[in-house]
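Trainee: Sequence and predicted structure are below.
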Amino acid sequence: MSILSHHPFDIGANFARLLPAQPCVLCGTGSLNGLICKDCDAELPRLPEAHCPVCALPSPVGGVCGQCLRHPPHFDHCVAAFSYAFPMDKLLQELKYRERLILVDHLADALARHVTLRPDFLVALPLHPARLRERGFNQSLLLARRISRRLGIPLLPDLCERVRNTPPQSGLPWKERDKNMRGAFACESGDRIKGKHVAIVDDVMTTGASTGELARMLKQAGASEVSVWVIARTMKD
């Protein structure tokens, strides 16, 4: 055992104790664990241990679920750091709609820790220019930039664009979301991603309509494999 793991010589732990505690964004108590204290972090909603590796929904033994076997999505894998439930849902809404950009690094780092299969490139789910002007930032791109730096995986910020300004998915019934996203994206074709594994970074996946449509366009542009990386995955009732 390294001497650095012993308490008297644990330089990291000693240095952390010298730093001032900051309020946890969830409970307000002093935290030396970053934005979220250890107690609150332990209570964040995680995925079921047994979940489908393709869509990340619960699966009896952790194998590919029946839905993905019957109707395979256009993406090949899904990695999610959390389940989209309280309080993770509130944190992501704070990021997306109230510009709490301080959350980006913490959430992106949590997702990066779940990555086991390394792709060749990252892309962020793009916003339509009109929506980008309205919001002022693309939270998916901010998350992707952090993960790109953290994992050393090249990010292709201009590979794909949103060419249709579709109504927000959150306001539509689940069954209408695939139709709403049809033809919403365009991706540059050519040698850059031909035969490559590309991972799409987004904040939340609910039905997979948005990421599925982007995955379809990436494969049409030459990608051989597409993964989806999201901060949180919505669980079906």
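Mentor: All right, it came through fine. Numbers count the residues shown, from 1 in each chain.

Trainee: Quick check: can you list the domain ranges of this protein?
Mentor: As assigned by automatic domain parsing, the chain contains the domains 1-43, 45-233.

Trainee: Measure how buried Lys38 is and give me the count.
Mentor: The number of residues packed near Lys38 is 12, by other C-beta atoms under 10 Å. C-beta: built from backbone N, CA, C; applies to glycine.

Trainee: do the same with Pro72
Mentor: Count around Pro72 with other C-beta under 10 Å applied: 12.

Trainee: residue contacts, it?
Mentor: Val54 (C-beta atoms under 8 Å, 6 or more residues apart in numbering).

Trainee: Wait, Leu35 touches Gln22, no?
Mentor: Yes - under the criterion of C-beta atoms under 8 Å, Leu35 makes contact with Gln22 at 7.4 Å.

Trainee: more crowded one of these two?
Mentor: Between Leu35 and Gln22, Leu35 has the larger neighbour count (other C-beta under 10 Å), namely 19 against 13.

Trainee: Do you know the pLDDT at the more buried one?
Mentor: Predicted confidence (pLDDT) for Leu35: 91.

Trainee: Which helix or strand lies directly C-terminal to the least confident helix or strand in the chain by mean pLDDT?
Mentor: Taking mean pLDDT, DSSP states H and E as the measure, the chain has helix 11-18 as its least confident helix or strand, at a mean of 43. Using DSSP states H and E, the next helix or strand after helix 11-18 towards the C-terminus is strand 22-23.

Trainee: What strands line up against that following strand, and which way round?
Mentor: Sheet pairing here is set by DSSP bridges, and for strand 22-23 it gives strand 30-31 (antiparallel).

Trainee: could you give the mean pLDDT of the strand it pairs with?
Mentor: Strand 30-31 shows a mean pLDDT of 84.

Trainee: Now do it: everything it contacts.
Mentor: By C-beta under 8 Å, 6+ apart, strand 30-31 touches 21-24, 37-38.
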